[in-house]
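Colleague: A predicted structure for the sequence below; I have some questions about it.
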Amino acid sequence: MRSKILSIFIAIFVSISIISCNKKYEGESNINDVKYKNNRNTIPSAKMDSAQAINIITKQKIQDLLDLSTLYISGNKDTEIDSVIYAQMQSYFLKTDSTQLKPLFKDLDSLKVRYASINNLNIERKITEKDTFDVAKFNVEYYNSKKAFIGSYDRNAEYVLKSMPAKDNNEFKFYFKNFYTDLNKKKDSISVQTESTQATSKEQKSQSKAEKSIKKK
């Protein structure tokens, strides 16, 4: 009986593996459509009348930034069009800071990603002493240059909707505060641990020198 159940589980696992291996990217891949994406437009308050509407807008903004990013890292990164694409990516952020895109680029480069697709997005409100913002938690599927499936990963992004007063009604502008926040935190944690280890090592060396000096005396 146990062997039969085990056989069923193995069969299911193999089937899922085969389906995953044969999975192909079916999203937007036209370079001309992707390279003109930007964050110039404001969002009328009428389009943000429900949680579902905000989810759709957030998902589209994340997808836009990922499409621009995968296009950018696939190029030489030093042409005029690369500079334009980079500026468009920065327009999605509240603060223009080159470090904001580094975790994203590193993630895409390390996995040789050429295409990405967003799934299962959920939004949570986060309130701190200094700020209030939203956190989008989502699943992203990565594909290579041949549109073959690489893997599925959980990622985070922090964003705000800034009010932009208009003549007739309020409008909002979407900005990311941080993108791939989880990767940023992991990096910070590793950096802190490394610095702590280095500091401990230096302290131990200093103590050792002091002890040798005392013994000589």
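Modeller: In hand now; what should we look at?
Colleague: any low-confidence regions in this structure?
Modeller: 1-21, 29, 166-168, 184-217 (pLDDT under 70).
Colleague: Sheet partners, orientation included, of the lengthiest strand in it?
Modeller: As assigned by DSSP state E, the longest strand anywhere in the chain is strand 149-165. Sheet neighbours of strand 149-165, with direction, are listed as strand 132-143 (antiparallel), strand 170-179 (antiparallel) (DSSP bridges).
Colleague: which of the residues in the shortest one are buried?
Modeller: In other words, strand 170-179. Judged by neighbour count (16 or more other Cβ atoms under 10 Å), strand 170-179 contains these buried residues: E171, F172, F174, Y175, F176, K177, N178, F179. In short, each C-beta sits where N, CA and C put it, glycine included.
Colleague: which residues does the third one form a beta bridge with?
Modeller: Right, F174. L161.
Colleague: Name all residues that make contact with it.
Modeller: Residues in contact with F174, defined by Cβ atoms under 8 Å, 6 or more residues apart in numbering, are N39, I43, I57, T58, K61, Y92, Y159, L161.
Colleague: do Y72 as well
Modeller: D82, I85, Y86, M89, F105.
Colleague: Starting from D154, give me the distance back to it.
Modeller: From Y72 across to D154, the span is 23 Å (Cβ to Cβ, to the nearest Å).
Colleague: partners of the helix or strand in which R125 is found in the sheet?
Modeller: Using DSSP states H and E, R125 sits in strand 115-127. Partners of strand 115-127 in the sheet, by DSSP bridges, are strand 132-143 (antiparallel).
Colleague: Determine how far the strand it pairs with lies from the middle of the whole chain.
Modeller: 7 Å (Cα atoms, centre = their mean, to the nearest Å).
Colleague: got the buried residues for it?
Modeller: F133, D134, V135, A136, F138, V140, E141, Y142, Y143.
Colleague: which ones are touching the third one?
Modeller: By Cβ under 8 Å, 6+ apart, the residues touching V135 are I123, E124, R125, K126, N156, A157, E158, T181.
Colleague: Neighbour count for those - can I get that in CSV?
Modeller: Formatted as CSV, the contacts of V135 follow (neighbours: other Cβ atoms under 10 Å):
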residue, neighbour count
I123, 16
E124, 9
R125, 8
K126, 11
N156, 17
A157, 24
E158, 19
T181, 18
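Colleague: out of those residues, which one sits closest to K24?
Modeller: A157 (25.6 Å; Cβ to Cβ).
Colleague: so who does the closest one touch?
Modeller: I62, V135, A136, F138, F176, N178, F179, Y180, T181.
Colleague: could you redo these as TSV and give each row distance to N76?
Modeller: Below are these laid out as TSV (distance: Cβ to Cβ, whole Å):
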residue	distance to N76
I62	25
V135	34
A136	31
F138	30
F176	25
N178	27
F179	23
Y180	23
T181	29
